[in-house]
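Chemist: let me see the structure of the following:
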Amino acid sequence: MPFGAHESMETHEILMEKISCITHFNLYAQEVKNPQLMDMIVRHQQEEIRSYNEIVNYTHDYSGFAPIPPNTNIQGVSPQQIRYGLNNPPQFAPQADARFYDGEIATAMLLWHKNGARNCSWAALECADPNLRSMMLNSAATCMDQAYEVFLFMNEQGLYQVPTLKDHTAKTLLHRYQPAGQALQAQYGMQEMGSGVSGDGAQAYGNGTYGAAGGPGFYSPSVQGGHSMYGGGAAGQGQAQGQGAATI
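Modeler: This next block holds a predicted model:
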């Protein structure tokens, strides 16, 4: 059973990108110092290798496709845990004697994952084979989750600062958009939808690994005083599965 021209070329591009990503992550693993970042590299590398092998095996013999299970720790994040605003952001410029350091490694990982998500999404749009399309969609979703996990790490460390608009400006911009009316929903057989606003915004995303109240801790104890970096309250000090409020 042949593949189409477009999906063959897009798959070729994705496989080249995955090989390059795996090679670069090997270099990052040799240079990284932060143990949490090292743990992330290992888990993301595992997902990348599995994804690469799945696509290669399928293009060789049309073997069955099983989606790659997620191996990221992004569950339970609440909006209140994200650090917004700029606080003396550093200046950047290319350097002649550049060396890998943890901030540069995290930035490179983030860019790899963002581009992987975009490219796999585009490749999925060019796929005729339903299984190959599913693989590309799975890869895109995986890259999105990996990118978000790297962002959370960088944001907590102050390496990724999120610029903001004035509060009234953001509200003026976004509150112009109103819910679809009852008549339009009824026209398409829809029940009226609520506003979707939770009574407790802090719990809108539930509890989980990034330390929403009562959620499990994320990593093993960090170098910062023995606290679980993303989830360590007093009850979770020194434990990989600590309980408590987040430090983000």
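Chemist: could you work out the end-to-end span of stretch 80-88 for me?
Modeler: End-to-end distance for stretch 80-88, by C-alpha to C-alpha, to the nearest Å: 21 Å.
Chemist: if you count neighbours, what's buried in it?
Modeler: By 16 or more other C-beta atoms under 10 Å, the buried positions in stretch 80-88 come out as residue 81. For glycine as for every other residue, the C-beta is placed from the backbone atoms N, C-alpha and C.
Chemist: how far away from the center of its chain is it?
Modeler: Here stretch 80-88 is found 18 Å from its chain centre; the criterion is C-alpha atoms, centre = their mean, to the nearest Å.
Chemist: let me know the average pLDDT across that stretch.
Modeler: What stretch 80-88 shows for mean pLDDT is 92.
Chemist: check stretch 125-141 too.
Modeler: Rounded mean pLDDT across stretch 125-141 is 95.
Chemist: begin at 593 from here
Modeler: Happy to do that; since the first residue is 593 now, the last one works out to stretch 717-733.
Chemist: list the buried ones in that stretch?
Modeler: 718-719, 721, 724-733.
Chemist: of all those residues, which two lie farthest apart?
Modeler: Based on C-beta to C-beta, the longest span within these runs between 721 and 733 and measures 18.2 Å.
Chemist: list just the nearest of the buried residues of stretch 717-733 to residue 651.
Modeler: Closest to residue 651, out of all of the buried residues of stretch 717-733 and judged by C-beta to C-beta, is residue 724, at 7.6 Å.
Chemist: next up, the contacts around that closest one.
Modeler: By C-beta atoms under 8 Å, 6 or more residues apart in numbering, residue 724 lies in contact with 595, 599, 603, 647, 650-651.
Chemist: drop anything exposed from these.
Modeler: 599, 603, 647, 650-651.
Chemist: pLDDT and secondary structure added to those, as TSV?
Modeler: Putting the buried ones among the contacts of residue 724 into TSV (pLDDT from 0 to 100; DSSP: H, G, I helix; E, B strand; the rest coil) gives the following:
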residue	pLDDT	secondary structure
599	94	helix
603	96	helix
647	94	helix
650	93	helix
651	92	helix
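Chemist: is it possible to get a markdown table of the residues you listed that adds distance to residue 634?
Modeler: A markdown table is the format used below for these (distance: C-beta to C-beta, whole Å):
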| residue | distance to residue 634 |
| --- | --- |
| 599 | 31 |
| 603 | 26 |
| 647 | 21 |
| 650 | 25 |
| 651 | 27 |
